[in-house]
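J.: Return atomic coordinates for the entry below.
(2 chains)
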Amino acid sequence: NAGVTQTPKFQVLKTGQSMTLQCAQDMNHNSMYWYRQDPGMGLRLIYYSASEGTTDKGEVPNGYNVSRLNKREFSLRLESAAPSQTSVYFCASRRQIWSYEQYFGPGTRLTVT
Amino acid sequence: AQSVTQLGSHVSVSEGALVLLRCNYSSSVPPYLFWYVQYPNQGLQLLLKYTTGATLVKGINGFEAEFKKSETSFHLTKPSAHMSDAAEYFCAVIAPLQGAQKLVFGQGTRLTINP
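T.: You can find the predicted model right below:
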C-alpha cells in the first residue's frame, strides 16, 4: 500500500515550457487535491476533484489545468510555465463520506527559470 | 468562509521543554480541526484531529490539542520536546455542515529544538 505517489520528485523547466505532474493513490479514495506550497504562505489549493469525473477550481487555479483520469489518478498540467510557478506541489486524497482528513504525497519540487 | 491563523511563524524551544503552537480559527459553523506535521523534504502527515465529542484530542508522537470554542482556538502542545519534533506544523479547518470540500490551512509554524 503505497498511499499517494507523485512523479517526478524534482523538475527544472524553462519559461514557456509545459509539463504534467502525475499523482496516484491506491486507497480507493474519492476526492483528490492539488496544492502548492510557498514559504510563509502555507498550502494553497490549486484544483480539486470531489469525485471521479468532476474537477473544480481552488484558490489559485490560473496557469494550471487538471485531469481526473480515473479514480486513482489526478494530474496537474502547466501549459506555459512561468517563474511564479516555482514551488513545491503536493497531491492529496481523502475518503469522502465521513472522513475529512487528507493524505498527502511526498511532493514535487519545481523550478522555472 | 473559514480561516486559520497560526501565531508565530517560528518557535524555538529547548529539548525537554514544553511545546506550544498556537492556532486560532474563524468559522460561522462548528468546525472540524486538524494539525499536520511536515518533516524536511516530505509531505504532510496527520498529527491529530477534532471532529465532535471530547475537546482534548491526543495524537501521534505525544502531541495533543484542545478545542476551545469560546476562544476559537485549537493550540497544539507536547509536554517535553524531543529533537525529532523539529519540523513545520500546519493547522487546518473545514466546515462539514456547510458542505465544505476543502481544508483551509494556516501559514505554518516552524519548530526548532535546541539541544
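J.: Verify the stated contact: residue A:105 with residue A:4.
T.: Yes - applying CB atoms under 8 Å, one finds residue A:105 in contact with residue A:4, separated by 3.8 Å. The way it works is simple: take the backbone N, C-alpha and C, and place the C-beta from them, glycine included.
J.: residues bridging contact with these two, i.e. touching both?
T.: Residues touching both residue A:105 and residue A:4 by CB atoms under 8 Å, 6 or more residues apart in numbering or on different chains: A:23, A:91-92, B:43.
J.: Any of those residues buried? List them.
T.: Buried members of those, scored by 16 or more other CB atoms under 10 Å in any protein chain shown, are A:23, A:91-92, B:43.
J.: Which single one of these is nearest to residue A:71?
T.: Of all these, the one sitting nearest residue A:71 is residue A:23; the distance, using CB to CB, is 12.3 Å.
J.: what residues are up against that closest one?
T.: Per CB under 8 Å, 6+ apart, neighbours of residue A:23: A:4-6, A:32, A:34, A:73-76, A:91, A:105.
J.: Give the burial count for the residue of chain A found nearest chain B, as a bare number.
T.: Residue nearest to chain B within chain A (CB to the nearest CB): residue A:104, separated by 3.7 Å. For residue A:104, the neighbour count with other CB atoms under 10 Å in any protein chain shown is 22.
J.: what is it paired to in the beta sheet?
T.: With DSSP bridges applied, residue A:104 shows beta-bridge pairing to residue A:92.
J.: Surely it and residue B:37 touch.
T.: No - in this structure residue A:104 lies outside contact range of residue B:37 using CB under 8 Å: 10.8 Å.
J.: Mutual contacts of those two, please.
T.: Common contacts of residue A:104 and residue B:37 (CB under 8 Å, 6+ apart): B:44-45.
J.: Who does the helix or strand of chain B with the lowest mean pLDDT pair with, and is each partner parallel or antiparallel?
T.: Scoring the helices and strands of chain B by mean pLDDT, DSSP states H and E places strand B:104-105 at the bottom, with a mean of 90. As defined by DSSP bridges, the strand partners of strand B:104-105 come to strand B:87-94 (antiparallel).
J.: The residue nearest the centre of chain A and residue B:12, how far apart?
T.: Geometric centre of chain A, nearest residue: residue A:34, 2.8 Å, by CA atoms, centre = their mean. Distance, residue A:34 to residue B:12, using CB to CB, to the nearest Å: 32 Å.
J.: same deal with residue B:57?
T.: For residue B:57, the distance to residue B:12 (CB to CB) stands at 25 Å.
J.: higher neighbour count, the two?
T.: Between residue B:57 and residue B:12, counted using other CB under 10 Å, residue B:57 has the larger neighbour count: 20 against 13.
J.: Contacts only, for residue 103.
T.: Here I'm looking at chain A. By CB under 8 Å, 6+ apart, the neighbours of residue A:103 are A:3-4, A:25, A:27, A:29, A:92-94, B:46.
J.: that answer is for a different chain, and I need it for chain B
T.: By CB under 8 Å, 6+ apart, residue B:103 lies in contact with A:100, A:102, B:34, B:92-94.
J.: what's the answer for residue A:19, then?
T.: Contact analysis of residue A:19 by CB under 8 Å, 6+ apart lists A:11, A:13, A:77-78, A:81, A:110.
J.: same check, this time on residue A:6
T.: A:21-23, A:89-91, A:105-108.
J.: Residue B:3 now?
T.: Applying CB under 8 Å, 6+ apart, the residues near residue B:3 are B:25-26, B:93, B:104.
J.: Dump these to TSV, plus neighbour count.
T.: TSV is the format used below for those (neighbours: other CB atoms under 10 Å in any protein chain shown):
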residue	neighbour count
B:25	20
B:26	13
B:93	24
B:104	23
